[in-house]
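A.B. asks: have a look; sequence and predicted model below, questions after that.
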Amino acid sequence: LMKKFILKSILMTLMIWLPWWIFIEFNKSFYAPIDFLTWEYKHHLLKDEKLNPQDIVIGDSLAVAAINPVDISDRLSNFSMSGLTPVDAWYFLKKYLASGKKPERLFLSFGITHWQSSDTFKEHSLSFGYMNASEFFDFILTSKNIKLFYSPEKTFNVFKNWFPFNYAWNTLVKNSQKNLAILEFYLIKLGLTPFQFNHVKSVFNEMSSTETKKHKEEIRNKMTSTRGHHLFNYNQTTNYVNPLVKYDGWNIHPLNDIYLRKILLLAHELKIKIVIDFVPNNFNSWKKLSEKFFKEKDDYFEGLKKIYPDLIYSKLESLPENLFGDMDHVNEEGSKHYSTLFKQKYFEK
């Protein structure tokens, strides 16, 4: 009787799990939120043998919105992704180089938030295959002594109020971050991670929404026609200040520092020129930055230039609020404006 029960349980599990795993493995663009379509699109570009640009941009959503290769140069492609951090950039770059491609120049472009934040890793690096098991364990070992290296509680939050987790949640998260992160890696590979569960409702809502499907297709078409660029907001404007930015000093997170140096060393060994480009801030946020912030930022990159003399980094500047679609991302006019500046700085000298 027990054998029959176990066999039936396994069969029932497979009947439920296998269709789900197939769905999430081959339809990441459905379960991922709209702003993570960039990850799905850039993942497919790695397999494009014909695409091997001389210059590439790797950065976050600010770079996705602001840097339009069509307005800049045929040499350039924009591989930036929403929420990407310097940690994710390291693993994406390794995957990109392993595909047999090698750029002459690499532009790294992150907003202040992603330089300073302790949220230095996105589970999408696992989900979209930019990081394998050994690389993930290397990440765990590298970051184990750094406070808030990773926040799996955000991913496992779906279980927060479930019995018995609701009684031990705070203790579990505080004492088991490393184990939860490792568990998440394997769950992602099996298609069972809460990261995927969290989007089940939105998946089916989006699949039934003609408007959402149309919007996703517009984003893909935009990225295809512009070699990686698309806008998050078009002509709307805002004057909000980003509350996450630390204005009192250049507070680069230790993990971002570690992985930036890994990128710089690898690029130096392969003779790839590195440019650190700062997309302009909304003036309302920029004017809150202290003199100490600008000095410490410049001192930090000048210190790196002593090790890598060919390193180029831009000054952090601002643009008027009417060129922003939200507190950080430029709108359509802002994209045209900044792409012109980008072209003048790096392609017309």
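C.D. replies: Alright, I've got the coordinates. For clarity, every value in this text was computed on a predicted model and none was experimentally measured.
A.B. asks: please enumerate the helices of the stretch 201-349 of the chain.
C.D. replies: 210-226, 254-270, 283-286, 291-307, 332-346 (DSSP state H, counting those that start in this stretch).
A.B. asks: tell me the buried residues in the second one?
C.D. replies: It stands for helix 254-270. Leu255, Asn256, Ile258, Tyr259, Leu260, Lys262, Ile263, Leu264, Leu266, Ala267, His268 (16 or more other C-beta atoms under 10 Å). All C-beta spots, glycine's among them, are computed from the backbone N, C-alpha and C.
A.B. asks: got it, and the last one?
C.D. replies: Judged by neighbour count (16+ other C-beta under 10 Å), helix 332-346 contains these buried residues: Glu332, Glu333, Gly334, Ser335, His337, Tyr338, Ser339, Leu341, Phe342, Lys343, Tyr346.
A.B. asks: what does that helix contact?
C.D. replies: 65-68, 71-73, 105, 107, 229, 231, 234-235, 275, 277, 279-280, 314, 319, 322-325, 330 (C-beta atoms under 8 Å, 6 or more residues apart in numbering).
A.B. asks: alpha carbons of it, as PDB, please.
C.D. replies: C-alpha atoms of helix 332-346 as PDB (Å, rounded to 0.1, in the frame of the first residue of the first chain):
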ATOM      1  CA  GLU A 332      12.100  60.000 -25.200                       C
ATOM      2  CA  GLU A 333      13.600  63.500 -25.500                       C
ATOM      3  CA  GLY A 334      16.100  62.700 -22.700                       C
ATOM      4  CA  SER A 335      17.200  59.600 -24.600                       C
ATOM      5  CA  LYS A 336      17.800  61.600 -27.800                       C
ATOM      6  CA  HIS A 337      19.600  64.300 -25.800                       C
ATOM      7  CA  TYR A 338      21.900  61.900 -23.900                       C
ATOM      8  CA  SER A 339      22.600  59.700 -26.900                       C
ATOM      9  CA  THR A 340      23.900  62.800 -28.700                       C
ATOM     10  CA  LEU A 341      26.200  63.600 -25.700                       C
ATOM     11  CA  PHE A 342      27.300  60.000 -25.500                       C
ATOM     12  CA  LYS A 343      28.200  60.100 -29.200                       C
ATOM     13  CA  GLN A 344      30.200  63.400 -28.800                       C
ATOM     14  CA  LYS A 345      32.100  62.100 -25.800                       C
ATOM     15  CA  TYR A 346      33.100  58.700 -27.100                       C
END
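A.B. asks: please pull out the lowest mean pLDDT helix or strand from the protein.
C.D. replies: helix 28-31 (a mean of 56; mean pLDDT, DSSP states H and E).
A.B. asks: give the next helix or strand downstream of it.
C.D. replies: helix 37-45 (DSSP states H and E).
A.B. asks: chain center to that next one: distance?
C.D. replies: Chain-centre distance of helix 37-45: 11 Å, with C-alpha atoms, centre = their mean, to the nearest Å.
A.B. asks: mean confidence score for the next helix or strand along the chain from that helix?
C.D. replies: Of the helices and strands lying after helix 37-45 in sequence (DSSP H and E), the nearest is strand 55-59. Strand 55-59 carries an average pLDDT of 98.
A.B. asks: partner strands of strand 55-59 and their direction?
C.D. replies: Take DSSP bridges as the rule and strand 55-59 pairs in its sheet with strand 76-78 (parallel), strand 105-109 (parallel).
A.B. asks: quick one: low-confidence ranges for the stretch 101-250 of the chain?
C.D. replies: 118-120, 147-160, 162-165, 169, 172-178, 189, 191-209, 233-240, 243-244, 246 (pLDDT under 70).
A.B. asks: element containing the residue nearest in space to the middle of the chain, please.
C.D. replies: Central residue of the chain (C-alpha atoms, centre = their mean): Leu84, 1.5 Å from the mean position. Assessed by DSSP H and E, Leu84 sits outside every helix and strand.
A.B. asks: need the contact list for it.
C.D. replies: Leu84 sits in contact with Ile58, Gly59, Asp60, Ser61, Phe92, Phe110, His114, Lys122, where contact means C-beta under 8 Å, 6+ apart.
A.B. asks: ok, of those residues, which one's closest to Asp35?
C.D. replies: Ser61 (6.7 Å; C-beta to C-beta).
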